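Enquirer: Quick one, what's the 3D model for this:
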Amino acid sequence: MEYRNQNMTPPPYYGGQAVTTQTNSVMKRVYVRMFVGMLISAFCALGVASSPAAMQFFFANQIVFWGIFIGMLVMAFVIPARLTRMSTATCLLLFCIFAAAMGIWLAPIFVIYRLGTIVYTFFITAGMFGAMSIYGYFTKSDLSKYGTYMVMALWGLIIAIVVNIFLKSSGLEWVISIVGVLLFTGLTAWDTQMVKRLSAANLDPQMADKLATMGALNLYLDFINLFLFLLRIFGGSRN
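Expert: You can find the predicted model right below:
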């Protein structure tokens, strides 16, 4: 079900009232769950950022810091890999836990960046994300043919980020941010179309619900990454 890690062509969209109803139902749940995930992240980020004790606990303690990071990586792989074996409730619970962990990791942005910069970057991100998601939903073009290239670009971007941790090159960081914005803009359209096409398959209610959670996770990650790369570009740190 995790289409990013497979050379998988989604089923064709045949249309029909029953398929349209199922597709609309799944997509509605995708966006609702994504929104809930973002709310969870926002509350966790603000809660941690507003508490010096919480900031000290999560970011001064290396065991806790890396434990959260490893936990998010594990969930990012476990959720799609075990999607068919998990119950719908477990799948949704893991997504909420993931969103909470991501919120904790986002807490430092409220210390590093000015609130005004965060707010207008969020609205710019929302506009770009909304436009590309609408495009992905309604376009007649088959975006799956670009999937392999975008996944390869994503791994290349991750490698570049790791390398720049040691190089600390401001020029490379700028390039990474530009590429990141372009990549996750494209991934937003692609993920939206993939969820729409997969939801048009003859899915049982439980699998359709799991697909909605998986789609929400992918689009949530697209939004968060797009937001963070744009935030790097706009800057406006407190110092």
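Enquirer: Give me the buried positions along the longest helix seen in the chain.
Expert: In the chain, assigned by DSSP state H, the helix with the most residues is helix 17-49. Neighbour-count burial for helix 17-49, counted by 16 or more other C-beta atoms under 10 Å, picks out 22-23, 26-27, 29-30, 33-34, 36-38, 40-41, 44-45, 48-49. No exception for glycine: its C-beta is placed from N, CA and C like everyone else's.
Enquirer: just stretch 206-226 next, same as before
Expert: Applying 16+ other C-beta under 10 Å to stretch 206-226 flags 207-226 as buried.
Enquirer: can you check stretch 108-122 too?
Expert: Residues 109-110, 113, 117-118, 121-122 are the ones in stretch 108-122 that count as buried (16+ other C-beta under 10 Å).
Enquirer: Could you export the residues you listed as a markdown table, including distance to M132?
Expert: Listed next are the buried residues of stretch 108-122 as a markdown table, based on distance: C-beta to C-beta, whole Å:
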| residue | distance to M132 |
| --- | --- |
| I109 | 23 |
| F110 | 26 |
| Y113 | 24 |
| T117 | 22 |
| I118 | 21 |
| T121 | 16 |
| F122 | 16 |
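Enquirer: closest to G180 among those?
Expert: For these, the closest approach to G180 (C-beta to C-beta) belongs to T121, at 13.4 Å.
Enquirer: I'd assumed L231 was in contact with the closest one.
Expert: Yes: applying C-beta atoms under 8 Å, one finds T121 in contact with L231, separated by 4.9 Å.
Enquirer: Count the neighbours of the closest residue in space to F69 that isn't next to it in sequence for me.
Expert: Among residues not flanking F69 along the chain, W105 sits closest, at 7.4 Å (C-beta to C-beta, 6 or more residues apart in numbering). If you count neighbours by other C-beta atoms under 10 Å, W105 ends up with 19.
Enquirer: Where does pLDDT dip in this protein?
Expert: By pLDDT under 70, the low-scoring segments of the chain are 1-18, 202-203, 236-239.
Enquirer: returning to that earlier point: can you tell me which residues contact the residue nearest to F69?
Expert: Listed by C-beta atoms under 8 Å, 6 or more residues apart in numbering, the contact set of W105 reads 68-69, 72.
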